[in-house]
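Peer 1: Next comes the sequence, and after it the predicted model I'd like to discuss.
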Amino acid sequence: MCALPWTSDARTRDAIHLALGQNRENNLQDDAGALAAYNAIVAAAQHLGSSDQFHAVQAVARIHTKRGQFEEALAALRRVQIDQLRGFWHDSMLLARGDTLRAAGRPAEARAVYQSILAGDSGDPRLRKIAEERVRALEAP
């Protein structure tokens with residue numbers, strides 16, 4: 001039984017959709033169902049700004065990337081105005097973009113995105129470390 005029909009608060013509905021999407025993606029291996037749940041969070045939103053929405057955008061991009069649908073993944077990430085974000089979410093979104101570009105066979109663009117994380121001063125040290133590792137991996141023979 002799902003609580004969605006009895007939930008009127010938008011943020012609570014997003015949290016439920018996110019949990020449903022994560023369950024379908026991670027436990028049930030149902031990417032189509034997960035994608036539907038994640039899209040339910042972001043499809044009608046005029047402005048994306050909550051953590052559930054950001055998680056959903058990244059998940060949509062991740063699923064499209066896994067499917068080899070790189071332009072769809074990048075389009076999903078472009079829904080977030082990354083330049084207006086600071087701190088964790090700024091770098092997390094850039095990391096997702098870099099990972100998508102790397103998977104799409106665009107290493108120079110991916111490297112530039114990862115290096116922009118390293119050039120910034122507002123990031124989470126854990127994400128900076130991941131960006132450093134990604135740059136090293138791209139430079140390895």
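Peer 2: That came through, no problem.

Peer 1: Checking L48 next. Helix, strand or coil?
Peer 2: Following DSSP: H, G, I helix; E, B strand; the rest coil, the label given to L48 is coil.

Peer 1: and if you look at A45?
Peer 2: Going by three-state DSSP: A45 is coil.

Peer 1: Tell me if I'm right that it and Q53 touch.
Peer 2: Yes: using CB atoms under 8 Å, A45 makes contact with Q53 at a distance of 6.2 Å. Placement of C-beta: from N, CA and C, glycine included.

Peer 1: what about the two, which has more around it?
Peer 2: More crowded of A45 and Q53, by other CB atoms under 10 Å: Q53, with 20 against 15.

Peer 1: Could you name the specific helix or strand carrying that one?
Peer 2: helix 51-66 (DSSP states H and E).

Peer 1: And that helix, how far out from the chain middle?
Peer 2: 4 Å (CA atoms, centre = their mean, to the nearest Å).

Peer 1: now swap in stretch 18-27 and tell me
Peer 2: Mean-position distance between stretch 18-27 and its chain equals 14 Å (CA atoms, centre = their mean).

Peer 1: what's the model's confidence in that stretch, averaged?
Peer 2: Mean per-residue pLDDT for stretch 18-27: 97.

Peer 1: Buried residues, it. List them.
Peer 2: L18, L20, G21, Q22, R24, E25 (16 or more other CB atoms under 10 Å).

Peer 1: What of stretch 130-141?
Peer 2: Residues I130, A131, R134, V135 are the ones in stretch 130-141 that count as buried (16+ other CB under 10 Å).
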